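**Student:** Coordinates only, no sequence provided:
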């Protein structure tokens, strides 16, 4: 076997760059979208764990947990796993399922927090900040999770549209 000489291969002077193949822009968009989605899924995972902590906090105090909030957090974590599978394997169906389930999870979590009596009490009497600070932090985390979910929706929609094959001209 012959070994290659160091440097530029023979027969090229660098002027053939215009004939070289270029990666289609949709593939670069898919790569950027996948990396953005990876970061968003990670952030959503952190938010889900924080919410699960706040939901499980009443259990440690001997109170009954909010079953809807616990199930919403668990389903949210499962949807993150499905989203990660869809991202890694470029499966549009998994990404659509992840998008639907994670959006429902975020909306359920926000409705649970909004319907809790402590949030409503704080809105009516804002001077009780010290006694209700944990509930307010939970509500703030949920609102930030909603903001991240909006970015995720736009990223997943863009990713799915760039992953689908281009339309053939008739």
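**Tutor:** Thanks, I have the structure now. Because the structure is a prediction, the values reported are computed rather than measured. Residues are numbered from 1 along each chain as shown.

**Student:** ok, residue 23 to residue 30 distance?
**Tutor:** 10 Å (CB to CB, to the nearest Å). Quick note: C-beta positions are derived from backbone N, CA and C, even for glycine.

**Student:** Geometrically speaking, which residue is the centre of this structure?
**Tutor:** By CA atoms, centre = their mean, the chain has its centre lying nearest to residue 41, at 3.3 Å.

**Student:** what about the longest helix seen in the chain, distance to the chain center?
**Tutor:** Counting by DSSP state H, the longest helix found in the chain is helix 25-60. How far helix 25-60 lies from its chain's middle: 4 Å, per CA atoms, centre = their mean, to the nearest Å.

**Student:** Break down the protein into its strands, ranges please.
**Tutor:** Shown for the chain, no strands are assigned by DSSP state E.

**Student:** What segments of it are helices?
**Tutor:** Counting by DSSP H, the helices of the chain are 25-60, 67-89, 92-115, 117-124, 133-163.

**Student:** Tell me where the model's unsure across the chain.
**Tutor:** Within the chain, the segments meeting pLDDT under 70 span 1-21, 116-123, 126, 128-132, 166, 169-170.

**Student:** what sits against the closest residue to residue 36 other than its chain neighbours?
**Tutor:** Excluding the flanking residues, the one nearest residue 36 by CB to CB, 6 or more residues apart in numbering is residue 155, at 5.3 Å. Neighbour list for residue 155: 33, 36-37, 40 [criterion: CB atoms under 8 Å, 6 or more residues apart in numbering].
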